[in-house]
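Chemist: I would like to see how this sequence folds:
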Amino acid sequence: MAISERTRKIIWVESGGRCAICRRQVLTPGSETDDPSIFGEECHIIARRASGPRAGDLGEELIDHHSNLLLLCSEHHKQIDDQVATFTVERLHEIKKSHRGWIARLGDPGGGPVRLVPDPSFPRPRLLTPITTGTALWEMLRRAEAFEYAHADHQPETAEDLTIEFLDMIKDYLDVASELDSIREQRDAAKLLGDYISRLAENGYLVGAWVRHMLLTGGPAQAEPSPWKILRVEVIPAADAQVVDSEGKPVTIPDPRGGTQAD
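Modeler: As a prediction, this is how the structure comes out:
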């Protein structure tokens, strides 16, 4: 199992986007050319592996549950894992509870409750962007904090299984994208995504995507809203899709099974 995007949202929103120990915002400012840098990490209170720090007898269904996770900056994540005698399971639960209470108290008289709201600087697009390569999807995925999806119901079993495999893979990559530092790892990830996009096309399905630009708001009155990107991916039967150009005019696309499709 892995930490789901829903669980990640819960952890980040409950924590107000701040480390539960030092309480600083775990996001550096961006620039005109670069996005902000995130140095927050979802940390296990009871370790996933038997050899990990604070290992314990916790069921698989609870290891990645939000009750066993807290948000820390990278510095304090390393500290709690190096200093397990100081940062026991009981103490980390106390830290988590105290931090949630602090965020809640600050949210009332200050900036209001912590929540995600649409970023007015990025209006919702009217159309999905057709995704034909794994590289294009990877570039969107690796900058996102969360993932949501949609796919057609009542499709042939083979196509439905392929779609679910594809969406599960995107979810798994979202959890580890920040850890794939090498060019080779990122190339391999893009290639695997591209393979699935091609297989879906061969089965008569198109992949569309867009990024929802949100803001994490509320909490301390002095805190600036933090950018929060949600990748939305839709897998659509080509027969049901209408492909248009930038001016909204229908276009003809190649049919991977031969010939063309006029949409």
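
Chemist: residue 135 and residue 190 touch, don't they?
Modeler: Yes: Residue 135 is in contact with residue 190 according to CB atoms under 8 Å; the separation is 4.5 Å. Placement of C-beta: from N, CA and C, glycine included.

Chemist: first-to-last residue distance for stretch 53-71?
Modeler: End-to-end distance for stretch 53-71: 16 Å, by CA to CA, to the nearest Å.

Chemist: any idea what sits nearest residue 172, other than its immediate chain neighbours?
Modeler: Nearest in space to residue 172, with sequence neighbours left out and distances taken as CB to CB, 6 or more residues apart in numbering, is residue 2 at 5.9 Å.

Chemist: so what are the domain limits for the protein?
Modeler: 5-112, 118-262 (automatic domain parsing).

Chemist: kindly reformat those domains as a markdown table containing mean pLDDT and mean neighbour count.
Modeler: Shown next, in a markdown table, are these (pLDDT from 0 to 100; neighbours: other CB atoms under 10 Å):
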| stretch | mean pLDDT | mean neighbour count |
| --- | --- | --- |
| domain 5-112 | 85 | 16 |
| domain 118-262 | 83 | 15 |
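
Chemist: what ranges does the stretch 151-263 of the chain have for its strands?
Modeler: With DSSP state E, counting those that start in this stretch as the criterion, the stretch 151-263 of the chain has strands at 205-217, 226-237, 252-254, 260-262.

Chemist: neighbouring strands of the first one in the sheet, and parallel or not?
Modeler: Same thing as strand 205-217. Next to strand 205-217 in the sheet, as set by DSSP bridges, lie strand 115-118 (antiparallel), strand 129-130 (antiparallel), strand 226-237 (antiparallel).

Chemist: what's the closest of those strands to residue 21?
Modeler: Comparison of the strands paired with strand 205-217 against residue 21 by CB to CB identifies strand 226-237 as nearest, at 18.4 Å.

Chemist: still on that earlier bit, quick check: pLDDT value at the residue nearest to residue 172.
Modeler: Residue 2 carries a pLDDT value of 75.

Chemist: quick one: contacts for the residue most central in space within the chain?
Modeler: Taking CA atoms, centre = their mean, the centroid of the chain lies closest to residue 146, which sits 2.3 Å from it. Contact partners of residue 146, counting by CB atoms under 8 Å, 6 or more residues apart in numbering, are 5, 8, 9, 174, 228, 229, 230, 231.

Chemist: cool, and residue 38?
Modeler: Per CB under 8 Å, 6+ apart, neighbours of residue 38: 26, 27, 28, 145, 178.

Chemist: pick out the most distant pair among those residues.
Modeler: 28 and 145 (14.5 Å).

Chemist: among the contacts of residue 146, which one sits closest to residue 202?
Modeler: For these, the nearest to residue 202 is residue 231 (23.6 Å; CB to CB).

Chemist: so the closest one bridges to which residues?
Modeler: Applying DSSP bridges, one finds that residue 231 bridges with residue 147, residue 211.

Chemist: what is whichever strand or helix holds residue 9 packed up against?
Modeler: Taking DSSP states H and E as the definition, one finds residue 9 inside helix 5-14. Helix 5-14 is packed against strand 40-44, strand 69-73, strand 115-118, strand 146-151, with contacts defined by 3 or more CB pairs under 8 Å, 6 or more residues apart in numbering; DSSP states H and E.

Chemist: nearest to residue 130, of these?
Modeler: strand 146-151 (15.0 Å).

Chemist: just how off-centre is the closest one within its chain?
Modeler: Strand 146-151 sits 10 Å away from the centroid of its parent chain (CA atoms, centre = their mean, to the nearest Å).

Chemist: same check, this time on stretch 85-92
Modeler: That offset, for stretch 85-92, works out to 28 Å (CA atoms, centre = their mean).

Chemist: over to stretch 4-12?
Modeler: That offset, for stretch 4-12, works out to 9 Å (CA atoms, centre = their mean).
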